[in-house]
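>>> model this:
(one chain, ligands or ions: 1)
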Amino acid sequence: MTLSLYPDLPTLESDRLILRKMSLEDAPDLFEYASDPEVAKYTTWHPHQSLEDSHIFLNSILKKYQNHECFDWGIVHKADIKLIGTCGLVNWVLPHYHAEIGYALSQRYWGQGYMTEAVQALLAFGFQKTDLNRIQGRCKLANRPSARVMEKVGMKFEGILRQQMFIKGSFHDMNLYALVRKDWENLSK
Ligand SMILES: CC(C)(COP(=O)(O)OP(=O)(O)OC[C@H]1O[C@@H](n2cnc3c(N)ncnc32)[C@H](O)[C@@H]1OP(=O)(O)O)[C@@H](O)C(=O)NCCC(=O)NCCS
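Numbering: from 1, shown residues only. Model (predicted):
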């Protein structure tokens, strides 16, 4: 695995977005959307109650950057010069060369193709700059926008994982999508 080539998380760029490391200065922008109950409706985390919650989250990310064990990017809107979300490659399973995507976006920016654009950049990084062979994503069945993002980037629906996650006090069925390197190469032709 060529992970060691990335002791520092690289900055990625797409047409409208910059994906970069987060810093404590992002706390106000992060809090602005992470405190929105609609954003946290389908996530594993609860809405942030105070700026302190955003600091705690960012500090945990900074610690992981230091240990070179974090592939979480802040999503910056180029024109607005504002952190509008996060996305990442998480749950790396090195012996099997796979990882998983995760993301959240400020409600103000929903429905304009931003997360599709960010995930395309993540997949390009994952398949072009590391040896990952499979990148998967899971979402609750009711989270159609998240499923659409995965469909739009070409990830294939693999089925429903029954009661696979225990989130906020109950078990949830999860849609499973994935792209393997072979699919990615075909998509990129
Ligand atoms: C999921 C999320 C990241 C999508 O971001 P986004 O930038 O709005 O996504 P895009 O604009 O690229 O695509 C969204 C797609 O969902 C569709 N959509 C939006 N609301 C929908 C709904 N209620 N039902 C069906 N489709 C819906 C949009 O029309 C679009 O599809 P289209 O391009 O075919 O029209 C965003 O909704 C979000 O942050 N949600 C809260 C956090 C979250 O759920 N994270 C994922 C956990 S698995």
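>>> residues from this structure in reach of the ligand?
39, 42-43, 103-105, 110-116, 139, 143-146, 148-149 (C-beta under 6 Å from any ligand atom). (Glycine included, C-beta is placed from N, CA and C.)
>>> Restricted to helices, list those.
Under the assignment DSSP state H, those contribute 114-116, 144-146, 148-149 to helices.
>>> Including distance to F31, could these go into TSV?
Shown next, in TSV, are those (distance: C-beta to C-beta, whole Å):
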residue	distance to F31
Y114	19
M115	20
T116	25
R144	26
P145	22
S146	22
R148	27
V149	23
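>>> tell me what the lowest-mean-pLDDT helix or strand in the chain is packed against?
Taking mean pLDDT, DSSP states H and E as the measure, the chain has helix 181-188 as its least confident helix or strand, at a mean of 94. Judged by 3 or more C-beta pairs under 8 Å, 6 or more residues apart in numbering; DSSP states H and E, helix 181-188 is in contact with helix 114-129.
>>> what's the average pLDDT for the helix it packs on?
Helix 114-129 carries an average pLDDT of 97.
>>> ok, now how distant is the residue of the chain positioned farthest from its centre from the ligand?
In the chain, counting by C-alpha atoms, centre = their mean, K189 sits farthest out from the average C-alpha position, at 24.8 Å. Distance, K189 to the ligand, by C-beta to the nearest ligand atom, to the nearest Å: 23 Å.
>>> Dump the least confident helix or strand of the chain to PDB, restricted to CA.
What follows is helix 181-188 as a C-alpha-only set of coordinates in PDB (Å, rounded to 0.1, in the frame of the first residue of the first chain):
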ATOM      1  CA  ARG A 181     -10.400  -0.500  -9.400                       C
ATOM      2  CA  LYS A 182     -11.600  -2.400 -12.600                       C
ATOM      3  CA  ASP A 183     -14.900  -0.400 -12.600                       C
ATOM      4  CA  TRP A 184     -12.900   2.900 -12.100                       C
ATOM      5  CA  GLU A 185     -10.600   2.100 -15.000                       C
ATOM      6  CA  ASN A 186     -13.600   1.400 -17.200                       C
ATOM      7  CA  LEU A 187     -15.300   4.600 -16.100                       C
ATOM      8  CA  SER A 188     -12.100   6.600 -16.800                       C
END
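>>> Pull stretch 18-30 out as CSV, backbone CA atoms only.
In CSV, the C-alpha atoms belonging to stretch 18-30 read as follows (Å, rounded to 0.1, in the frame of the first residue of the first chain):
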residue,chain,number,x,y,z
ILE,A,18,-10.9,22.8,-2.7
LEU,A,19,-10.5,19.7,-0.5
ARG,A,20,-7.9,20.5,2.2
LYS,A,21,-6.8,19.6,5.7
MET,A,22,-9.0,21.1,8.4
SER,A,23,-7.7,23.4,11.1
LEU,A,24,-9.2,24.8,14.4
GLU,A,25,-10.0,28.0,12.5
ASP,A,26,-12.7,26.1,10.6
ALA,A,27,-14.7,25.7,13.8
PRO,A,28,-17.2,28.5,13.1
ASP,A,29,-18.0,27.3,9.6
LEU,A,30,-18.1,23.7,10.8
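>>> That'll do, ta.
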